[in-house]
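**Q** Quick one, fold the following:
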Amino acid sequence: MARTSNFCRQPHVRFFDLECALHGTVSSSEVEQFDGSVLPRGCKHCHWEALHTTPKTSEAHILARGRKQAEDLNKLLVGSGITPRFNSCTFETYRTTNGPEGMSRALHACMDYVDQFPDNYAAGRSMVLTGNVGNGKTHLACSIVQTVIRKHGAQAVIATAAEIIRVFKGAMDRSAEYSDREVLDELASFDLLVIDEVGAQSGSAYELGVLHEVIDRRYQLVLPTVVVSNIAAADLARYIGDRALDRLRQAGGKAIGFNWASARGAV
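**A** Alright, predicted model coming up:
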């Protein structure tokens, strides 16, 4: 895996000194949260002692353990690739009221995929979301990623096809600190990978080869992949290859069509 992740950024941290009644002047920090806020950590020595030296049934230990779990969750969410534009996108905020029946079907198909994620993960079962621009595919894709993280504690990451290709191309630079093998290994390490905006690239042989290799590697490792595109499912082969498209369909992989008029501004 790359020395530093090419796809999972770390939360921003600001360090400062504070006065602790028990430990005097200590180094502390405040950490960026997924929702854009900042959370102070307090005294790190008090936290460590509460986590490791107090009885497991004590209030101090329970609070410290809850804080550690919240920090781990926040790290997964910040590193998920969901941008601030989409960090409020959830299944609950995907509005289907007065919309076409297809919107409700797409929503429930994505919710079912997440509810059944342990089985989908074990089977390496993938999903394809394709169709018209402005119908909330990225909204639902980010909802899948966020809910898989929150509900199942899995590492789920969303990246655009263009971003993946850019990182692979970066490995060819003489000054690159990572190799294309490390990029592929990282993309194959996530419990769930969502590749957004497939088909927005030029469709060169190199780009097709990159996306095919990523999808195929995850297929070989029995890992699920979600592909999101504004083009019809039948045309995806032009951008990922026939074999990769077939890989996505295996093990009961589903294709969800977003074939109604643009709903941009309503979801």
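
**Q** going forward, measure contacts and count neighbours with C-alpha atoms only.
**A** Will do.

**Q** List the residues that contact the nearest residue to P55 once chain neighbours are set aside.
**A** Excluding the flanking residues, the one nearest P55 by CA to CA, 6 or more residues apart in numbering is H61, at 6.6 Å. Shown in contact with H61 (CA atoms under 8 Å, 6 or more residues apart in numbering): 50-52, 54-55.

**Q** Now do the helices in the stretch 101-250 of the chain.
**A** 101-115, 117-123, 137-152, 161-170, 180-187, 205-220, 237-240, 242-249 (DSSP state H, counting those that start in this stretch).

**Q** and the first one with helix 137-152, angle?
**A** What it means is helix 101-115. If you take axes from the mean of the first three to the mean of the last three CA atoms, to 10 degrees, helix 101-115 sits at 30 degrees to helix 137-152.

**Q** What is helix 101-115 packed up against?
**A** With contacts defined as 3 or more CA pairs under 8 Å, 6 or more residues apart in numbering; DSSP states H and E, helix 101-115 has these neighbours: helix 137-152, strand 254-258.

**Q** would TSV of the ones you listed with mean pLDDT and distance to R105 be doable?
**A** Formatted as TSV, these follow (pLDDT from 0 to 100; distance: least, CA to CA, whole Å):
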stretch	mean pLDDT	distance to R105
helix 137-152	98	12
strand 254-258	93	9
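
**Q** Per-residue pLDDT of the residue nearest to Q250 when sequence neighbours are not counted, please?
**A** Excluding its sequence neighbours, the residue lying closest to Q250 (CA to CA, 6+ apart) is R125, at 7.2 Å. With respect to pLDDT, R125 scores 98.

**Q** L245 versus V198, what's the distance?
**A** With distances taken as CA to CA, to the nearest Å, V198 is found 12 Å from L245.

**Q** can you list residues touching both of those two?
**A** L236.

**Q** mind checking how far the spatially most central residue of the chain is from F34?
**A** Central residue of the chain (CA atoms, centre = their mean): V157, 2.2 Å from the mean position. Counting by CA to CA, the separation of V157 from F34 is 14 Å.
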